[in-house]
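# Quick one, fold the following:
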Amino acid sequence: MRPNRPVTATLCAAALVLTAAACGPGDGEAGADAKPTVAASLPNTDGIKIPDQLKQKLKERGIDLEKWKGGEWKNWKQEDWLREAGDYINPIIEDLWDPDRMRDAEQPQRPSVDPDAGRDQGVTDPTPAPVAAKPANAPYHQSVPESGKVFFDGPEGSMVCSATVVKDPAHPGKSNMVWTAGHCVHAGKAGGWYRNIAFVPSYNNAGKPSAQLKGAPREQVAPFGVWWSDWAQTSDQWIATGGPTGGAGAPYDFAVLHVTPEKGSGKSLEETVGSALPVEFAAPAVPKVASLTATGYPAAAPFDGQKAFQCTDRPGRLTLRANEPVMYRIGCTMTGGASGGGWVAAGADGKPALVSNTSIGPAKAGWLAGPRLGPEAKGIFTAVSNKFK
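Modelled structure (predicted):
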């Protein structure tokens with residue numbers, strides 16, 4: 001049965017800072033020998049407050065925070081992979097995400113389903129015709145200022161998703177909140193929380209081809225900075241059941257990040273990019289939505305993850321299991337890497353609002369599905385907002 005109250009899981013991240021040597025192409029691969037170079041004198045972290053409960057959990061797991069900051073985060077032994085709510089850290093490592101490391105990040109394995117998924121389950125509309133993804137207009141900070149990329153590390157190496165800056169009711173005009181997919185922060189049933197999670201708004205703002213980004217200055221690929229996640233939440237349903245195939249957990253595949261700038265500017269994320277989208281938790285039933293536009297940075301062939309693309313279509317319904325919420329589904333040829341990107345439609349006031357995010361699609365790109373945001377999503381969103389009142 002669908003729970004009738006918000007069920008959330010918390011990614012607790014202590015924002016610490018150290019300096020890392022620049023990582024070149026390939027250095028983000030799992031098992032690489034290269035490690036961040038720690039300055040001889042670590043910054044004073046007396047002002048950083050790590051909850052006592054988290055300190056105890058880290059101690060019980062034998063995790064030394066100083067070793068973690070010095071490169072121990074690359075240890076992906078299953079028994080040491082943090083997965084439970086509240087026991088994850090995400091220290092800022094300055095310059096870890098340099099332009100080449102960002103460019104070479106791979107798309108994670110987007111949860112995929114059979115092309116005919118849902119045909120025999122609940123209410124499902126016919127499979128939509130593919131809609132060719134179109135390049136977003138550059139510069140992105142003018143056409144899609146709320147969009148960007150999420151970078152993170154997993155056992156397979158450095159990876160990337162898409163995400164959206166959203167409004168924070170607790171801080172009007174000064175939001176530091178970002179919306180993405182649950183599978184972009186947590187591996188689901190068989191794994192744990194990813195590491196070094198950071199958001200880059202308007203990545204490659206000018207929309208330049210990959211060849212022109214090699215050796216490019218950081219200001220070119222990340223003109224509005226790199227924002228590290230110091231707090232995040234996703235659903236218990238995703239953590240408990242989420243996986244790379246079959247669509248398990250997909251109706252609850254969403255996450256909210258709270259971010260902080262790697263190099264402080266005194267401005268919020270919303271002030272920095274100049275925009276943020278409201279989140280619509282009472283969107284009309286799927287048949288009543290005239291049009292949805294999905295934005296993302298698809299990275300699997302034939303795309304390369306360096307440019308933003310969009311698909312616009314009238315959504316249909318997809319039900320993977322009879323006892324789970326109906327999902328939105330649109331025709332779209334975007335591939336892995338677009339996961340987590342925002343789906344925008346007219347909100348209750350007629351203005352653009354985020355109503356979903358890219359979650360799943362078939363192995364051969366042709367359509368995408370995203371969760372319809374209900375009480376579980378609202379509970380997560382509200383909890384993150386309230387945490388930073």
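# What's opposite the residue nearest the centre of the chain in the beta bridge?
Central residue of the chain (Cα atoms, centre = their mean): residue 180, 3.7 Å from the mean position. Beta-bridge partners for residue 180, by DSSP bridges, are residue 255.
# check contacts around it.
Residue 180 is in contact with 150, 161, 162, 163, 164, 254, 255, 256, 257, 339, 340, 357, counting by Cβ atoms under 8 Å, 6 or more residues apart in numbering. Where you see a C-beta, it was placed from the backbone N, CA and C, and this is true even at glycine.
# ok, how many other residues are close to residue 318?
31 (other Cβ atoms under 10 Å).
# so what's it bridging to?
residue 327.
# Residue 238: what's its closest spatial neighbour, skipping adjacent residues?
Counting by Cβ to Cβ, 6 or more residues apart in numbering, residue 238 lies nearest to residue 182, which is 3.7 Å off, once chain neighbours are set aside.
# who are the neighbours in contact with that neighbour?
188, 234, 235, 238, 239, 242, 249, 252, 253, 254, 255.
# what's the closest non-adjacent residue to the third one?
What that stands for is residue 235. residue 252 (4.0 Å).
# Dihedrals phi and psi, residue 314?
phi -80, psi 130 (degrees, to the nearest 10).
# Who wins on neighbours among the contacts of residue 180?
Ranking the contacts of residue 180 using other Cβ under 10 Å puts residue 339 first, with 35 neighbours.
# Next one: it, what pLDDT does it get?
With respect to pLDDT, residue 339 scores 96.
# SS state for it?
coil (DSSP: H, G, I helix; E, B strand; the rest coil).
# Find out how far stretch 149-162 is from the centre of the chain, if you would.
9 Å (Cα atoms, centre = their mean, to the nearest Å).
# and it, how far apart are its ends?
4 Å (Cα to Cα, to the nearest Å).
# Give me the buried positions along it.
149-155, 157-162 (16 or more other Cβ atoms under 10 Å).
# Check stretch 313-327 too.
313, 315, 316, 317, 318, 319, 320, 324, 325, 326, 327.
# which of those residues lies closest to residue 389?
Using Cβ to Cβ, residue 325 is the member of the buried residues of stretch 313-327 that sits closest to residue 389, with 28.9 Å.
# Which of the helices or strands spans the closest one?
Assigned by DSSP states H and E, residue 325 falls within no helix or strand.
# So the residue nearest to it when sequence neighbours are not counted, which state does it fall into?
Leaving aside its sequence neighbours, residue 325 sits nearest to residue 251 (Cβ to Cβ, 6+ apart; 4.5 Å). Under three-state DSSP, residue 251 falls in the helix class.
# Quickly note the distance from residue 192 to residue 105.
As for residue 192, its distance to residue 105 is 19 Å (criterion: Cβ to Cβ, to the nearest Å).
# Look at those two and report which has more neighbours.
residue 105 (23 against 20).
# Run through the residues that contact the more buried one.
Residue 105 touches 28, 151, 157, 158, 159, 160, 299, 305, counting by Cβ under 8 Å, 6+ apart.
# A strand includes residue 237, no?
No: read with three-state DSSP, residue 237 is helix and lies in no strand.
# Pretty sure it sits against residue 250.
No: with contact defined as Cβ atoms under 8 Å, residue 237 does not reach residue 250; the gap is 9.5 Å.
# For residue 221, list the residues it contacts.
Residue 221 neighbours (Cβ under 8 Å, 6+ apart): 99, 102, 103, 200, 203, 204, 213.
# Tell me the one among the contacts of residue 182 nearest to residue 266.
Among the contacts of residue 182, and counting by Cβ to Cβ, the member closest to residue 266 is residue 255, at 26.7 Å.
# Name all residues that make contact with the closest one.
179-182, 184-186, 232-234, 238, 340, 380.
# tell me the least confident of those residues?
Among those, pLDDT bottoms out at residue 232, giving 85.
# helix or strand for that one, which one?
Assigned by DSSP H and E, residue 232 falls in strand 227-235.
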